[in-house]
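Novice: what's the 3D shape of this:
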Amino acid sequence: MTTDFRELQKKNKRSTRLLLVASFFLVFIVSFVAGLALTGFLGFGIIALLFSGALTFYQYRNSSSLALRATGAIAADPDEYAQLHNLVEEMALASGLPKPDVYIVVDPAPNAFATGRDPENAAVAATTGLLEKLDRNELQGVIAHEMAHIRNYDIRVMTVAAATAGAIAILADMFWRVAFWGGLGGNRRGGNNRGGGPQMVIVLFAFIFVTVLAPIGAGLLKAAVSRSREELADATAVEITRNPSGIRMALEKLDSDVTVVRKTSHATSHLWIESPDDHVKGHRGRRINDMFNTHPPLAERINLLRKMEGLPPYVSDQETQLGSRDPESPPPPRVR
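Specialist: From the prediction side, this is the model:
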């Protein structure tokens, strides 16, 4: 177990460095290409780069408040949610971290997330459904998982990845709008069209790159960053609590639950312990957009934890039901 955990840590650090470098490089290329293609002037490429850099920095600095607002989280009253505050304080102490701010999301779906840019500016949020459906041992495992994201600086990495994807999405939208109204390459309608074919080929390539390929690449990067850190957070939760059964049983309950967080978006789905945007369980791996899933399948995460405990492999209830279904039939809907 220790060997697997240490190898997972090393692999996670290596992949994180590569993914962050790729994210910054992608923003740089998209900004420069967009500005240059739209105006035909090098200076505007630099201006676009500065704009995207400022936008990414703003999203990074305000990541916590933006995420909490987007999910409808409110500050958890210490008296009404005393157990949640106690668990967060216990896990913060066990992690050697300051206690993060504690928030609640009024939603029947069991879920939780951590956000912020560093341990001193972090927040942990849990849904009311999580508090109602999990016992104290399972809640401790979930809170330890979120504290692991804070201790491992996953919150910073995922914030940068999300900010990068957001900046590229905005640049792509701006490029599309300006291009549609005739601002490509400095050649407006009725203006000078010198440069002819070669220039239009370059502009067309830039259009496809900025509006199609770059957003896809940013989405893949964000998903890869998040996926690479979920299993490590599960393992770190075990290290913090010295109790693999807590987080394992919590994930099993999440896997069997059919409710999905109602107030969510693609911008925040990667934060949750179970992503609301991922496919119905049992149907992963059948669609191309599985590549954009921000979390590994819950069954994989559960089996890694069961391996630590020396337990047999996990088979979800939905997988058992799907075994008797036509594989091409649509999956049953999840409840929002």
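
Novice: could you use CA atoms for every contact and neighbour count after this?
Specialist: Noted.

Novice: in the stretch 201-336 of the chain, where is pLDDT below threshold?
Specialist: Within the stretch 201-336 of the chain, the stretches with pLDDT under 70 are 201-203, 207, 209, 218, 221-228, 278-292, 317-336.

Novice: which stretches in it count as helices?
Specialist: 214-241, 244-256, 298-309, 317-322 (DSSP state H, counting those that start in this stretch).

Novice: winner for burial among these?
Specialist: When those are scored by mean count of other C-alpha atoms under 10 Å, the highest mean neighbour count falls to helix 214-241 (a mean of 23).

Novice: picking that back up, looking at the helices of the stretch 201-336 of the chain, which is closest to residue 144?
Specialist: Nearest to residue 144 among the helices of the stretch 201-336 of the chain is helix 214-241; the distance by C-alpha to C-alpha comes to 4.7 Å.

Novice: for residue 104, which residues are in contact?
Specialist: 73, 74, 75, 76, 125, 126, 127, 128 (C-alpha atoms under 8 Å, 6 or more residues apart in numbering).

Novice: the nearest residue to the fifth one once chain neighbours are set aside and residue 77, how far apart?
Specialist: Put plainly, it is residue 125. Spatial nearest neighbour of residue 125, chain neighbours left out: residue 103 (4.4 Å); criterion: C-alpha to C-alpha, 6 or more residues apart in numbering. In this view, residue 103 and residue 77 are 8 Å apart by C-alpha to C-alpha, to the nearest Å.

Novice: ok, residue 293 touching residue 276?
Specialist: No - with contact defined as C-alpha atoms under 8 Å, residue 293 does not reach residue 276; the gap is 9.9 Å.

Novice: of these two, who's got more company?
Specialist: Neighbours of residue 293 and residue 276, each counted by other C-alpha atoms under 10 Å, are more numerous for residue 276; the result is 26 against 23.

Novice: from what I can see the more buried one touches residue 259, true?
Specialist: No - the criterion here is C-alpha under 8 Å, and residue 276 misses it with residue 259 at 9.3 Å.

Novice: hang on, the earlier thing: closest to residue 63 out of the helices of the stretch 201-336 of the chain?
Specialist: helix 214-241 (14.8 Å).

Novice: what mean pLDDT does stretch 145-163 get?
Specialist: Across stretch 145-163, the average pLDDT comes to 85.

Novice: related to what we said a few turns ago, compare residue 103 and residue 77 (neighbour count), which wins?
Specialist: Ranked by neighbour count (other C-alpha under 10 Å), residue 103 and residue 77 place residue 103 first, with 24 against 13.

Novice: now do the residue nearest to residue 247 when sequence neighbours are not counted against residue 32, distance only.
Specialist: Nearest non-adjacent residue to residue 247, counting by C-alpha to C-alpha, 6+ apart: residue 141, 4.0 Å away. Residue 141 is 45 Å from residue 32, where distance means C-alpha to C-alpha.
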